[in-house]
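> Return atomic coordinates for the entry below.
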Amino acid sequence: MSTAETDRIEQPAADPRVEVLPPRDVPLGGPRAMTVRRTLPQRSRTLIGAWCFVDHYGPDDIARTGGMDVAPHPHTGLQTVSWLFTGEIEHRDSLGVHAYVRPGEVNLMTSGHGIAHSEVSTPATTTLHGVQLWVALPEEHRHTGRDFHHHAPAPVTLDGGEARVFLGSLAGDTSPVPTFTPLLGAELTLRPHATVTLDVDPAFEHGLLVDRGELSLDGAPLRPADLGYAAPGRHTLTLTNTGATDARTILLGGTPFEEQIVMWWNFIGRSHEDIVHARDEWQAAADRFGEVQGYPGDRLPAPELPGTPLKPRGRTR
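Residues are numbered from 1 along each chain as shown. Just a heads-up that it's a prediction; the model follows:
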């Protein structure tokens with residue numbers, strides 16, 4: 001359900017249970033790195049459902065920055081979820097998939113036991129703007145085979161905005177893209193001064209990433225690039241656009257992921273030894289990751305491991 005008001009609304013009292021996770025700037029991949037804003041993981045919170053990684057980038061002027069050029073690199077134990085607002089990215093992977101990431105279309109890649117892929121913004125792209133998301137695979141599925149899915153969700157009209165549901169179910173729409181744990185992923189836009197109340201699964205915890213606009217989640221103000229966290233137990237989430245221009249957000253959700261994970265570089269395992277083994281195999285060009293065909297350059301070498309053992313981390317209670 002949803003409600004909207006065309007006049008400036010009075011802001012409700014902020015819900016103290018909404019945790020605001022601010023972004024930090026991180027260089028992404030290789031010597032010609034572009035900067036992304038990362039809100040997950042953080043020291044205070046590792047996971048929201050099985051979502052374990054949230055990068056938000058752009059609008060990036062390709063003429064000035066050179067765009068995205070991430071050479072072939074490995075993944076284990078996760079799914080990558082790519083969603084663009086503006087621009088186009090060419091994807092190649094060791095499953096043999098050659099695909100494009102375009103605005104309003106989700107690409108989901110399952111690494112399972114191991115995969116490699118490259119990501120390059122296309123020559124036609126002038127501005128690059130979007131999010132890169134990771135999902136941790138549960139223990140029983142983290143060694144599954146490589147896989148890839150593409151879906152272009154139809155817009156769902158809300159009374160005060162619009163939703164595009166790329167994973168899970170929301171506002172009467174369900175994505176056909178399969179996941180290994182219950183998940184939600186959707187782009188939401190709100191008109192100026194609109195309030196939208198969404199029915200959500202009370203078993204889910206949720207994260208709301210603000211791309212643009214002046215927004216609040218259950219009364220808690222969020223700035224652009226902030227990630228607002230709402231714990232399980234809510235039957236609704238209320239989003240309010242307090243500004244005079246459209247607001248755009250990414251809503252993520254899922255049932256709490258109760259396993260502890262070790263996440264380092266592009267690998268997710270359960271122990272320090274898992275990560276060491278994956279790194280050694282990547283450096284040795286083992287069959288585990290396969291080969292990316294068609295990328296005009298060398299693959300990324302793995303960085304050096306830290307001097308102390310990597311420790312598992314789980315969800316924050």
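> The stretch 201-317 of the chain: strands as residue ranges?
205-212, 215-217, 220-222, 227-230, 236-241, 247-254, 262-264, 267-269 (DSSP state E, counting those that start in this stretch).
> Not counting its neighbours along the chain, what's nearest residue 181?
Leaving aside its sequence neighbours, residue 181 sits nearest to residue 50 (C-beta to C-beta, 6 or more residues apart in numbering; 4.5 Å). From N, CA and C alone the C-beta is placed, and that goes for glycine too.
> List the contacts of that neighbour.
By C-beta atoms under 8 Å, 6 or more residues apart in numbering, the contact set of residue 50 is 135-138, 179-181, 183, 254, 257.
> Which members of those residues are classed as buried?
For the contacts of residue 50, a neighbour count by 16 or more other C-beta atoms under 10 Å gives the buried set as 135-137, 179-181, 183, 254, 257.
> In a markdown table: those residues, plus distance to residue 75, secondary structure and pLDDT.
Converted to a markdown table, these look like this (distance: C-beta to C-beta, whole Å; DSSP: H, G, I helix; E, B strand; the rest coil; pLDDT from 0 to 100):
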| residue | distance to residue 75 | secondary structure | pLDDT |
| --- | --- | --- | --- |
| 135 | 11 | strand | 98 |
| 136 | 11 | strand | 98 |
| 137 | 10 | coil | 98 |
| 179 | 16 | coil | 97 |
| 180 | 15 | coil | 98 |
| 181 | 17 | coil | 98 |
| 183 | 18 | strand | 98 |
| 254 | 19 | strand | 98 |
| 257 | 17 | coil | 98 |
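> center of the protein, which residue is that?
With distances taken as C-alpha atoms, centre = their mean, residue 133 lies nearest the centre of the chain, 2.1 Å away.
> can you tell me the helix or strand for that residue?
Following DSSP states H and E, one finds residue 133 within strand 127-136.
> Buried residues of that strand, list them for me.
In strand 127-136, counting by 16+ other C-beta under 10 Å, buried: 128-136.
> again, but for stretch 256-272
256-257, 259, 261-269, 272.
> Just the C-alphas of stretch 198-216, formatted as CSV.
What follows is stretch 198-216, C-alpha atoms only, in CSV (Å, rounded to 0.1, in the frame of the first residue of the first chain):
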residue,chain,number,x,y,z
LEU,A,198,5.3,-0.1,1.8
ASP,A,199,4.1,-3.4,3.2
VAL,A,200,7.1,-5.6,3.9
ASP,A,201,7.9,-9.0,5.4
PRO,A,202,8.3,-8.6,9.2
ALA,A,203,10.9,-11.5,9.1
PHE,A,204,13.2,-9.3,7.0
GLU,A,205,15.7,-6.7,8.0
HIS,A,206,16.0,-3.8,5.5
GLY,A,207,18.5,-1.3,4.2
LEU,A,208,17.6,1.8,2.3
LEU,A,209,20.4,3.4,0.2
VAL,A,210,19.7,7.0,-0.9
ASP,A,211,20.9,7.8,-4.4
ARG,A,212,19.5,11.3,-4.6
GLY,A,213,17.0,13.6,-2.9
GLU,A,214,16.0,14.5,0.6
LEU,A,215,14.6,11.5,2.2
SER,A,216,13.6,9.9,5.5
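> quick check: mean pLDDT across it?
Throughout stretch 198-216, pLDDT has a mean value of 97.
> Return the set of buried residues in that stretch.
198, 200-201, 204-216.
> With stretch 51-65 instead?
Under 16+ other C-beta under 10 Å, the buried positions of stretch 51-65 are 51-58, 60, 62.
> and those residues, which of them are in helices?
Under the assignment DSSP state H, the buried residues of stretch 51-65 contribute residue 62 to helices.
> Tabulate the buried residues of stretch 51-65 (JSON lines), appending distance to residue 149 and pLDDT.
Output for those, formatted as JSON lines (distance: C-beta to C-beta, whole Å; pLDDT from 0 to 100):
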{"residue": "51", "distance to residue 149": "17", "pLDDT": "98"}
{"residue": "52", "distance to residue 149": "19", "pLDDT": "98"}
{"residue": "53", "distance to residue 149": "18", "pLDDT": "97"}
{"residue": "54", "distance to residue 149": "20", "pLDDT": "98"}
{"residue": "55", "distance to residue 149": "20", "pLDDT": "97"}
{"residue": "56", "distance to residue 149": "22", "pLDDT": "97"}
{"residue": "57", "distance to residue 149": "22", "pLDDT": "95"}
{"residue": "58", "distance to residue 149": "24", "pLDDT": "94"}
{"residue": "60", "distance to residue 149": "26", "pLDDT": "91"}
{"residue": "62", "distance to residue 149": "27", "pLDDT": "89"}
